[in-house]
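**Q** missing the sequence, but the structure's below:
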């Protein structure tokens, strides 16, 4: 069922609903939602007939809808918790589902509120300090987290069920339509030998690597016969991407406008992704694309791309209270040199070349 007004509900599959009926609450952001997908997959691996509903805010909903462990998506607008009307409608919709339990990996007031509104008798969240604000008040069971990285941390929420989980999967499937929509771009002669995606965008200014360094990296990759594509989303990131293309002296191409799913298709086809701690990085990692992750204002230990085929670079960690503010200094990101990133690119690309030759 799909409704035109919020909350928006959509069924992803025709699986028979079974026991248990599970509510997963991870509202935002894109990268965090991607890193929550292994939790959804773990539920389905343990209970193949479970029906899993994911409540998410609009920005990340297109990706969540393409996780094959998800049966239903309930989409909410940003700021939904300020609307009593929406909360009443959400409560009514959730209670009709008669969830056996809820999982809240986000650990904030708004996610805890959604879990509580569901009426699920078992509401499982994190204990402090992993959970923040008044989130623990909404939960009936609290899991003390021991994991350092977010992916295994989120899966810890299944500890009360003694779930044995050894294989991490994201279940993110890119539809043929998304690949077809970018086919003309990726099949142009300049990219037929493969390409590297550079992504200059970031949610915080303190996470941004300097644009001129991306341009220099593109020139270095061109010297080794490797094409570059600069990805972007939104007007500000498009301006940054255009600056990189201009400064690269023809070594980089500007990616076309894409939806979130079309961007995922672009990332799935690339040889390598280079960018900071933001949504596209974690999308690329979830799709099995080798990544070079640049970290400065967030911890690489906690938030690095999950998997073995990645290189994470962090020379300093900015933990200042103002690092999230617009215009914040990216001093920690500036500690990462072009030489270090270019060497990481050489390492991963040479590894691909050796495997292809074997």
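**A** Noted; the coordinates are in hand. Quick caveat, the model's predicted, so the values are computed rather than measured.

**Q** would you map the helices across the protein?
**A** 30-46, 61-64, 84-97, 109-117, 135-138, 150-155, 176-181, 183-186, 211-223, 235-247, 260-268, 279-286, 300-303, 338-357 (DSSP state H).

**Q** so for stretch 254-261, mean pLDDT?
**A** The average pLDDT within stretch 254-261 is 98.

**Q** on that earlier part again, can you tell me which of the helices of the chain is most buried?
**A** helix 279-286 (a mean of 27; mean count of other CB atoms under 10 Å). Heads up, the C-betas are built off the backbone N, CA and C, glycines and all.

**Q** give me the angle between it and helix 30-46.
**A** If you take axes from the mean of the first three to the mean of the last three CA atoms, to 10 degrees, helix 279-286 sits at 30 degrees to helix 30-46.

**Q** tell me the mean pLDDT for helix 279-286?
**A** 98.

**Q** ok, residues contacting stretch 234-245?
**A** 198, 200-201, 211, 214-215, 218, 230-232, 252-255 (CB atoms under 8 Å, 6 or more residues apart in numbering).

**Q** okay, now the unreliable bits of the stretch 201-350 of the chain?
**A** Counting by pLDDT under 70, not a single residue of the stretch 201-350 of the chain qualifies.

**Q** change it to 90
**A** 308 (pLDDT under 90).

**Q** for the stretch 51-200 of the chain, same thing?
**A** In the stretch 51-200 of the chain, residues with pLDDT under 90: 163-167.

**Q** how is the chain carved up into domains?
**A** 8-161, 178-357 (automatic domain parsing).

**Q** looking at the contacts of stretch 234-245, which is nearest residue 117?
**A** residue 201 (33.5 Å; CB to CB).

**Q** right, and the closest one touches residue 232 too?
**A** Yes: Residue 201 lies in contact with residue 232 (CB atoms under 8 Å); the separation is 6.3 Å.

**Q** more neighbours: which of the two?
**A** residue 232 (24 against 21; other CB atoms under 10 Å).

**Q** excluding its backbone neighbours, what's nearest the more buried one?
**A** Using CB to CB, 6 or more residues apart in numbering and skipping residues adjacent in sequence, the residue nearest residue 232 is residue 241, 3.9 Å away.

**Q** tell me how many other residues crowd the residue lying closest to residue 42 once chain neighbours are set aside.
**A** Excluding the flanking residues, the one nearest residue 42 by CB to CB, 6+ apart is residue 165, at 4.6 Å. Residue 165 has 16 neighbours, counted by other CB under 10 Å.

**Q** doesn't residue 158 make contact with residue 165?
**A** Yes: applying CB under 8 Å as the test, residue 165 and residue 158 come out as touching, 6.9 Å apart.

**Q** which residues are in contact with both of these two?
**A** 42, 46.

**Q** now the residue nearest to residue 232: how far from residue 118?
**A** 41 Å (CB to CB, to the nearest Å).

**Q** and the contacts of stretch 234-245, which is closest to residue 284?
**A** Nearest member of the contacts of stretch 234-245 to residue 284, counting by CB to CB, is residue 231, at 9.7 Å.

**Q** tell me the contacts of that closest one?
**A** Here residue 231 is in contact with 197, 198, 199, 201, 241, 255, 258, 263, 266, 267, 275, 280 (criterion: CB under 8 Å, 6+ apart).

**Q** which strand residues bridge the second one?
**A** The residues listed as beta-bridge partners of residue 198 by DSSP bridges are residue 230, residue 274.
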